[in-house]
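**Q** need coordinates for the following:
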Amino acid sequence: MTTPLITSDGFPRSDIDVAQVRITRTRIIRLRNDLKAVMSRIETALYEHHARLRDTGSVPAIGGVERKPEPNGIAFAVVNTVVELSPAHEAGLIKGDKIVKFGSVHAGNHQKLTRLATVVQENENSAIEITVIRDIDEAQARAEVNLILTPRQGWGGRGMLGCHILPL
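**A** Numbering: from 1, shown residues only. The predicted structure is shown next:
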């Protein structure tokens with residue numbers, strides 16, 4: 001794009017097709033301008049989209065049908081084990097609890113539980129609100145239970161929670 005098309009004497013270079021290079025350079029310049037225009041339109045649309053999300057609290061899905069950002073009652077993980085005297089035990093988690101919400105993590109954004117691990121690491125020694133579905137009796141009655149869990153090191157066992165969580 002910046003290589004001169006003429007020699008030091010002012011004549012067209014004989015080792016390249018000068019006309020073809022000029023046509024190609026012009027096309028590249030047009031494509032760069034088009035890219036800038038498209039990126040500007042995308043940026044504007046993203047700002048408008050996020051402003052709309054912030055104002056309405058809903059997320060438009062494909063086809064214009066709206067859905068809530070946090071699916072209520074949809075579990076994404078299950079507590080497999082809980083160690084006694086651990087932060088999870090102190091918070092009230094029990095084996096079999098199905099996790100609906102773990103801080104900001106829910107069924108729509110848990111990314112195979114990687115977001116859950118991130119929330120735990122970012123909130124060491126800070127309270128995290130958890131919502132679980134708990135089986136109450138053998139008649140398949142269930143209840144939604146809200147708990148407060150504070151992840152911490154040095155509680156006497158492995159990890160910061162003291163429980164094992166599996167994806168559903």
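**Q** next, count neighbours for Arg52.
**A** Using other C-beta atoms under 10 Å, Arg52 is surrounded by 13 other residues. For the C-beta atoms, the positions are set from N, CA and C on the backbone; glycine is no exception.
**Q** wait, Leu161
**A** 26.
**Q** in three-state terms, label it for me.
**A** Secondary structure assignment for Leu161 (DSSP: H, G, I helix; E, B strand; the rest coil): coil.
**Q** show me the contacts for the nearest residue to it once chain neighbours are set aside.
**A** Leaving aside its chain neighbours, Leu161 sits nearest to Ala88 (4.8 Å; criterion: C-beta to C-beta, 6 or more residues apart in numbering). Going by C-beta atoms under 8 Å, 6 or more residues apart in numbering, Ala88 touches 79, 82, 149, 161-163.
**Q** all strands of this structure, in order?
**A** 59-60, 66-67, 77-82, 98-102, 105-106, 128-135, 142-149, 163-167 (DSSP state E).
**Q** now the ones you listed in CSV, with distance to Arg41?
**A** Shown next, in CSV, are the strands of the chain (distance: least, C-beta to C-beta, whole Å):
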stretch, distance to Arg41
strand 59-60, 18
strand 66-67, 23
strand 77-82, 39
strand 98-102, 36
strand 105-106, 32
strand 128-135, 39
strand 142-149, 43
strand 163-167, 38
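**Q** may I have the beta-bridge partners of the closest residue to Glu144 other than its chain neighbours?
**A** Spatially, and ignoring its direct neighbours in sequence, Glu144 is nearest to Ile133 (5.8 Å; C-beta to C-beta, 6+ apart). Beta bridges link Ile133 to Lys98, Glu144 when assigned by DSSP bridges.
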